[in-house]
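Participant: have a look at this prediction, sequence included:
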Amino acid sequence: MRPLVIAPMGTMTLEPLSIDSVKDLIEDSIEEMVLEKMQSPVDRPAMSLVKEILMSGGKRYRPMLAIIGYQAAGGREIQKAMDIALSAELVHTATLVHDDVYDQSKMRRGKPTLHSTHGISHAIIAGDYLFSLGFELGAKYNDRVVERIRDSCAGIASGEILQFRHINDLSTSPEDYYSIIDGKTARPFAAGGACAAIIAEASKEFESALWGYGLEMGRAFQLVDDILDLQGGDSIGKPRGTDVHEGKMTLPIIYALTMLHGSDRDHLRDVLTNFSDERMQELGDLLEVSGAFDYARTLVSNHVERSLSHLSPLPDSASKTLLSEIVMLSESRTS
């Protein structure tokens, strides 16, 4: 366990406050939860399935946002926000397990996906179990927090359905794209920020500030993932071109289909319709010609700036500075 120190007023805080120290605390809390559930005859069979993916690392942006956002909104006792932080990570992990089943993905976080090693039935059950754990922790708070969690999960489901409707749909618009990523990624980030403020008993102004911060951060985060899927990057945790193989219409592709004309556009349509790993270079060249990568990076920067602007109502603090660092760290993954 990393040290928690007792502040003069008897409240629990992190020292020194840093992204690494917050992430370490979250990792320790996840490990504690896994060990606790493994001691329970009721939980042990299901936890045995999911413990490896839970403890296999990850960026942990969602739980970090909850912990740091709680402090930035005036919260003093970090442990009061730990359940909502873990709830966010559990729900996120549940969606990853189910997404891998839908997409028939073979790798996740550098390891074989759960359905690849245990079968589809076990993976579906494992995802359901993770959802139940996430709701269990979230339900410890008041009705406003529970409502935020419910709305977030409903948005994830709706975003997933909308994405299915646009698989291999070359007429997908930027508005369609944002409807998908807002449901699947951005609003869950926003909900984590808003819940952090509610748990800190902060004002509606602070709650709105952290909601807006999380929403724009989530949009930037997803756009970065889309760029990395096309250009490669170790931080994404899955093979390059996975989204293209699955027929997902990400913004760089949508932009290129809009900007290219004549033979170049016909070439891009052919690459997307008859895609294989051998055509990855062709796709990359066409996206470069269209300016899609530059456009996507500009959008990332815009969302990062908007995210940072939402923090202005919060008082200056080390936690507020960390929130700024986290969203800029997300952007830096494309460099």
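Facilitator: Perfect, I can see it now.
Participant: what is the mean pLDDT for stretch 27-39?
Facilitator: When pLDDT is averaged along stretch 27-39, the result is 97.
Participant: please report how far the residue nearest the centre of the chain lies from Leu96.
Facilitator: With distances taken as CA atoms, centre = their mean, Thr185 lies nearest the centre of the chain, 5.5 Å away. Thr185 is 12 Å from Leu96, where distance means CB to CB, to the nearest Å. All C-beta atoms are positioned from the backbone trio N, CA, C, and that covers glycine.
Participant: okay, and the common contacts of the two?
Facilitator: Here Thr185 and Leu96 share no contacting residue, scored by CB atoms under 8 Å, 6 or more residues apart in numbering.
Participant: check which residues of stretch 322-335 are buried.
Facilitator: 322-323, 326-327, 330-331, 333-334 (16 or more other CB atoms under 10 Å).
Participant: now do that stretch, average pLDDT.
Facilitator: 85.
Participant: distance from it to the middle of the chain?
Facilitator: Relative to its parent chain, stretch 322-335 has a centroid offset of 14 Å by CA atoms, centre = their mean, to the nearest Å.
Participant: do stretch 50-57 as well
Facilitator: 16 Å.
Participant: please apply the same query to stretch 93-103.
Facilitator: For stretch 93-103, the distance to the chain centre is 13 Å (CA atoms, centre = their mean).
Participant: thinking again about what came up before, out of the buried residues of stretch 322-335, which comes closest to Pro313?
Facilitator: The closest of those to Pro313 turns out to be Leu323 (CB to CB; 12.4 Å).
Participant: if I pick the closest one, what's in contact with it?
Facilitator: Counted by CB under 8 Å, 6+ apart, Leu323 has contacts 65, 68-69, 72, 213, 311.
Participant: what do you get if the cut-off is 6 Å, keeping everything else the same?
Facilitator: For Leu323, the contact set (CB atoms under 6 Å, 6 or more residues apart in numbering) comprises 68, 72, 311.
Participant: ok, now His98?
Facilitator: By CB under 6 Å, 6+ apart, His98 lies in contact with Gly127.
Participant: cheers, nothing more for now.
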